[in-house]
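Student: when you get a sec, could you give me coordinates for this:
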Amino acid sequence: MNPTAASPELYCLLVPLHEDRLLLPRSCVTEVVNYQAPTPMEGAPPWYLGTIAWGGRRVPLVSFEAICGRTPPRMSGRTRIVVMQGITGFTAGGHFAVLTQGFPQLVRLSPDVIHADNSRTFDDRSGVVCQVRMVNEYPIVPDFERLAEMIAEETRVA
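Tutor: Predicted structure coming up:
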């Protein structure tokens, strides 16, 4: 290994949740907007909060706390919505939104600062790939493909 060679870096965002943080590729985040009450969908699971108006369309809003089996947090003055571009095409032009508890923080990741963390496991059917360790943070990594499937299942017209 060449010690003078630059380590590959990836710019990501740490998105604050109630008790966790999400780790997202920066390129997937389209915009951070103020909280707006979603239009609920009857019969939806707790993680599917409904849809919000964004960019002239309706975008699905999800709660990662609920996806992880926790109660969705109450809204506060810090509550924001992160609109994301999924890596697979599905409803709302490929966009969906995540409820957050503050503004995302930009971080640079390299193999030196991120490591696997097996202290927590997630169901294969959840929208989470894994949890990682980076310095003093233990963010969760979303499974964009599974999220697209979950949202598509809930928004399918009968």
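Student: and the helices in the protein?
Tutor: Along the chain, the segments classed as helices by DSSP state H run 64-67, 144-155.
Student: residue 55: which of the ones you listed is closest?
Tutor: Comparing the helices of the chain by their distance to residue 55 (C-beta to C-beta), the top pick is helix 144-155, with 16.8 Å. All C-beta spots, glycine's among them, are computed from the backbone N, C-alpha and C.
Student: so for the closest one, mean pLDDT?
Tutor: Mean pLDDT, helix 144-155: 83.
Student: likewise for stretch 40-47?
Tutor: The pLDDT scores in stretch 40-47 average 90.
Student: I'd like the distance from it to the chain centre, please.
Tutor: Taking C-alpha atoms, centre = their mean, to the nearest Å, one finds stretch 40-47 lying 18 Å from the centre of the chain it belongs to.
Student: that stretch: which residues count as buried?
Tutor: By 16 or more other C-beta atoms under 10 Å, the buried positions in stretch 40-47 come out as residue 47.
Student: what sits up against it?
Tutor: The contact list for stretch 40-47 (C-beta atoms under 8 Å, 6 or more residues apart in numbering) reads 48-51, 62-64, 66-67, 71-72, 127, 150, 154-155.
Student: out of the helices of the chain, deepest packed?
Tutor: Highest mean neighbour count among these (mean count of other C-beta atoms under 10 Å): helix 64-67, with a mean of 21.
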